[in-house]
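Student: Okay, here's the prediction I keep looking at, along with the sequence it came from:
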Amino acid sequence: MTTDNTAEAIRLVVLDMAGTTVADDGLVERAFAAAAGALGVVAGSDEHQEMLGYVRTTMGESKISVFRHLFGEEEKAQRANAAFEQAYHDLVDAGHCAALPGAAEAIAELRAQGRKVVLTTGFSRATQDRILAALGWQEIADLTLCPADAGRGRPFPDLALTALLRTETDSVRQVAVVGDTGYDMLTGTRAGASVVAGVLTGAHRAERLRADGATHVLGSIAELPALLAGR
């Protein structure tokens, strides 16, 4: 029995948003503080610091899943999530939302190379659409996905596999998954992507990205088109 080790061309690029293509600048933590406050968690308390540590560790995960872990009861998780989304929306509406340098150009170049680009997030559809509208990015990608579109959010493979199905990509080996968190890397490896690239513009450092399966670590998304050129 012979094995064909020839690398397949990358036809689909699955990109994270906050921290990868969109600047975070602490917005997630600021919105979390509002959510915790809505549930009576005192800012600066040991409980608050412990929760914040979990939020940082699980950056990239579906936000409602994070709140279910933190608050246990579904009603509390939903209240926290609603407060988080409102706070995040207010920050976006106040102008605290910007593309990372070179992100829009990188997406345009990837599509010019003949690849499909899908933007994914751990936020809800409402928050994702708010960010896209603030940036004028409604048409920048071939598709945008949030956890509710896929079934489960990161670190499960659902977002990447849903992107493959929706874009009619032929093989998981034709997929590149790119993000700034360990959970993005786990999503890519679990989906079977041949390129799983971490960027250093967001939540997690190179060590965490590599530990969770990164095949490449880039300074920023601006380096991605060159990495994929010829693939």
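Tutor: Received, thanks. Numbers count the residues shown, from 1 in each chain.

Student: just the strands in the protein please.
Tutor: Across the chain, reading from the start of the chain, the strands by DSSP state E fall at 12-16, 116-120, 143-145, 175-179, 195-199, 216-218.

Student: With respect to burial, which of these scores highest?
Tutor: For the strands of the chain, ranked by mean neighbour count under the definition mean count of other C-beta atoms under 10 Å, the leader is strand 175-179 at a mean of 31. C-betas here are computed from N, CA, C, even on glycine.

Student: Just list what that strand packs against, helices and strands only.
Tutor: The contact analysis (3 or more C-beta pairs under 8 Å, 6 or more residues apart in numbering; DSSP states H and E) places strand 175-179 against strand 12-16, helix 158-166, helix 182-191, strand 195-199, helix 224-228.

Student: circling back: same list (the strands of the chain) but as TSV, adding mean pLDDT and distance to residue 39.
Tutor: Written out in TSV, the entries for those read as follows (pLDDT from 0 to 100; distance: least, C-beta to C-beta, whole Å):
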stretch	mean pLDDT	distance to residue 39
strand 12-16	98	27
strand 116-120	98	27
strand 143-145	97	28
strand 175-179	98	28
strand 195-199	97	32
strand 216-218	98	36
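
Student: got any ranges where this protein has weak pLDDT?
Tutor: The chain contains residues with pLDDT under 70 at 1-7.

Student: List the buried residues in stretch 151-164.
Tutor: Judged by neighbour count using 16 or more other C-beta atoms under 10 Å, the buried positions of stretch 151-164 are 152-164.

Student: What segments of this protein are helices?
Tutor: Secondary structure of the chain, counting by DSSP state H: helices at 27-38, 46-57, 63-71, 74-93, 103-112, 125-135, 147-150, 158-166, 182-191, 206-211, 224-228.

Student: To residue 9, which of these lies closest?
Tutor: Nearest of those to residue 9, taken as C-beta to C-beta: helix 224-228 at 9.2 Å.

Student: which residues touch residue 144?
Tutor: In this structure, residue 144 makes contact with 118, 119, 120, 121, 128, 132, judged by C-beta atoms under 8 Å, 6 or more residues apart in numbering.

Student: Next one: it from residue 52, what distance?
Tutor: 28 Å (C-beta to C-beta, to the nearest Å).
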